[in-house]
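Undergrad: sequence isn't available, so here's the structure alone:
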């Protein structure tokens with residue numbers, strides 16, 4: 001468990017080193033309506049962004 005937390009921390013810092021920002025907590029996908037402000041519940045979570053940086 002301790003090693004898993006270390007790997008998450010390293011992946012976050014590697015993402016930050018590459019992109020100069022930490023990953024978004026959640027990026028929602030807007031519905032089809034052009035003026036809709038709400039998302040439809042679908043989206044990408046922060047864990048998806050750091051997957052390429054995991055060992």
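TA: Now that the structure is in, tell me what you want to look at. Computed from a predicted structure; not experimentally measured.

Undergrad: residue nearest the centroid of this structure?
TA: The geometric centre of the chain, computed from its C-alpha atoms, lies nearest to residue 46 (C-alpha atoms, centre = their mean), at 2.0 Å.

Undergrad: which residue sits closest to that one in space, ignoring its chain neighbours?
TA: Once flanking residues are discounted, residue 46 sits nearest to residue 23: 4.4 Å by C-beta to C-beta, 6 or more residues apart in numbering. Backbone N, C-alpha and C define where each C-beta goes, glycine included.

Undergrad: right, and the helix or strand after the helix or strand encompassing residue 5?
TA: According to DSSP states H and E, residue 5 maps onto helix 2-19. Using DSSP H and E, the helix or strand that follows helix 2-19 in sequence is strand 26-30.

Undergrad: so for the helix holding residue 5, what's the average pLDDT?
TA: Averaged over helix 2-19, pLDDT sits at 95.

Undergrad: what is that helix packed up against?
TA: Packing contacts for helix 2-19, counted by 3 or more C-beta pairs under 8 Å, 6 or more residues apart in numbering; DSSP states H and E, involve helix 46-50.

Undergrad: test my guess that the residue nearest to the centre of the chain contacts residue 15.
TA: No - counting by C-beta atoms under 8 Å, no contact exists between residue 46 and residue 15, whose distance comes to 9.0 Å.

Undergrad: common neighbours of the two, please.
TA: 22-23 (C-beta atoms under 8 Å, 6 or more residues apart in numbering).

Undergrad: picking up where we left off before, how far out from the middle of the chain is the helix holding residue 5?
TA: The chain centroid and the centroid of helix 2-19 are separated by 12 Å under C-alpha atoms, centre = their mean, to the nearest Å.

Undergrad: now swap in stretch 12-24 and tell me
TA: Worked out by C-alpha atoms, centre = their mean, stretch 12-24 lies 10 Å from the chain centre.

Undergrad: in stretch 21-32, which residues are buried?
TA: For stretch 21-32, the neighbour count (16 or more other C-beta atoms under 10 Å) marks residue 23 as buried.
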